[in-house]
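**Q** just the structure for this:
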Amino acid sequence: MLHVLFNENGVAPWVLTEEEFLNRIETLEATHFARAPLGRVSVEAFDELDRVQWRAYYPDVAALVILARHFREGRGKT
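**A** Residues are numbered from 1 along each chain as shown. Prediction:
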């Protein structure tokens, strides 16, 4: 499970699976991030016992494309 936290006030965090994350990023890419939250973003991955597996920081939502690419490459998709 991924938790995507935004620095922008009033923006609820995303709690989603890797697949849902990829779909969300594809949708945002299609709109050139027109309605994306502003500011820095942090992403935390949790295991089935709700333990943090890793944490990453990005300057903005558009930079999440890098993480999406990493996930796709891990699946053998580009």
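
**Q** packing partners for the helix ranked longest in the chain?
**A** Using DSSP state H, we find that the single longest helix of the chain is helix 18-30. Packing partners of helix 18-30 (3 or more CB pairs under 8 Å, 6 or more residues apart in numbering; DSSP states H and E): strand 2-6, strand 14-16, helix 64-74. In short, each C-beta sits where N, CA and C put it, glycine included.

**Q** ok, residues contacting the first one?
**A** Yep, that's strand 2-6 we're talking about. 13-18, 21, 37, 39-46, 61, 64 (CB atoms under 8 Å, 6 or more residues apart in numbering).

**Q** from the residues you listed, list the buried ones, please.
**A** Among these, those classed as buried by neighbour count (16 or more other CB atoms under 10 Å) are 14, 18, 21, 37, 41, 43-45, 61, 64.

**Q** circling back: continuing past the longest helix of the chain, what's the next helix or strand?
**A** strand 41-46 (DSSP states H and E).

**Q** partners of that following strand, with directions?
**A** Strand 41-46 has its sheet partners listed here by DSSP bridges as strand 2-6 (antiparallel), strand 52-58 (antiparallel).

**Q** spell out the secondary structure type for the residue of the chain positioned farthest from its centre.
**A** Distance from the C-alpha centroid of the chain peaks at residue 49, with 20.3 Å (CA atoms, centre = their mean). Three-state assignment for residue 49 (DSSP: H, G, I helix; E, B strand; the rest coil): coil.

**Q** where does pLDDT dip in this protein?
**A** 77-78 (pLDDT under 70).

**Q** related to what we said a few turns ago, adding distance to residue 32, write the strands paired with strand 41-46 out as a markdown table.
**A** Shown next, in a markdown table, are those (distance: least, CB to CB, whole Å):
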| stretch | distance to residue 32 |
| --- | --- |
| strand 2-6 | 18 |
| strand 52-58 | 17 |
